[in-house]
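Undergrad: I'll drop the sequence and a predicted model, then ask my questions.
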Amino acid sequence: MARRPSRKTLKRKLDKICSGIVRTKGKCEKCGRKNNLQSAHIFSRTYLNTRWDFTNQLCFCPDCHINFAHKQPLLFAEWVKKHLGIDKYNLLKEAHNIIYKPTIADLEIKLKVLQDLT
């Protein structure tokens, strides 16, 4: 009988799939560059409730990801509110505050759903 993957392994696989899907946008959502795209989270990946929520992920070039999102958090937050719209931003903000500790079975289901998207 095959051993079930660990929580850490499942999180890593989910992160990789989500990042790949986000990068298919093809360009940085801030500046429009098309090289070395990354998946940037609006709210930290620490919050599992929104970690794999595509509303919480942006396609950024490395410069916008580090020098804008991480180094200018107040400007980034204002930009995100305009980019998403205040209602969507507020829903995402509420969702990230919900404490969520998925079981391994929950993560396996999420992985299956995302694999079916790709």
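TA: Received, thanks. All values reported here derive from a predicted model rather than from experimental measurement. Numbers count the residues shown, from 1 in each chain.
Undergrad: pretty sure residue 63 is touching residue 32, no?
TA: No. Contact criterion C-beta atoms under 8 Å: residue 63 and residue 32 do not qualify, at 11.7 Å. Quick note: C-beta positions are derived from backbone N, CA and C, even for glycine.
Undergrad: so these two - more neighbours on which side?
TA: A direct count of neighbours by other C-beta atoms under 10 Å for residue 63 and residue 32 places residue 63 higher, at 13 against 10.
Undergrad: mind saving the C-alpha coords of the worst-scoring helix or strand of the chain on mean pLDDT as PDB?
TA: The least trusted helix or strand in the chain, going by mean pLDDT, DSSP states H and E, turns out to be helix 104-117, with a mean of 92. Taking Å, rounded to 0.1, in the frame of the first residue of the first chain, the C-alpha atoms of helix 104-117 are listed here in PDB:
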ATOM      1  CA  ILE A 104      -4.300  15.800   4.700                       C
ATOM      2  CA  ALA A 105      -7.500  14.600   3.000                       C
ATOM      3  CA  ASP A 106      -8.500  18.300   2.500                       C
ATOM      4  CA  LEU A 107      -5.200  19.000   0.800                       C
ATOM      5  CA  GLU A 108      -5.400  15.900  -1.400                       C
ATOM      6  CA  ILE A 109      -8.900  17.000  -2.600                       C
ATOM      7  CA  LYS A 110      -7.600  20.500  -3.300                       C
ATOM      8  CA  LEU A 111      -4.600  19.100  -5.200                       C
ATOM      9  CA  LYS A 112      -6.900  16.900  -7.300                       C
ATOM     10  CA  VAL A 113      -9.100  19.800  -8.200                       C
ATOM     11  CA  LEU A 114      -6.200  22.000  -9.200                       C
ATOM     12  CA  GLN A 115      -4.600  19.200 -11.200                       C
ATOM     13  CA  ASP A 116      -7.800  18.900 -13.100                       C
ATOM     14  CA  LEU A 117      -7.500  22.600 -14.000                       C
END
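Undergrad: next one: the residue nearest the centre of the chain from residue 3, what distance?
TA: Geometric centre of the chain, nearest residue: residue 57, 3.5 Å, by C-alpha atoms, centre = their mean. From residue 57 across to residue 3, the span is 30 Å (C-beta to C-beta, to the nearest Å).
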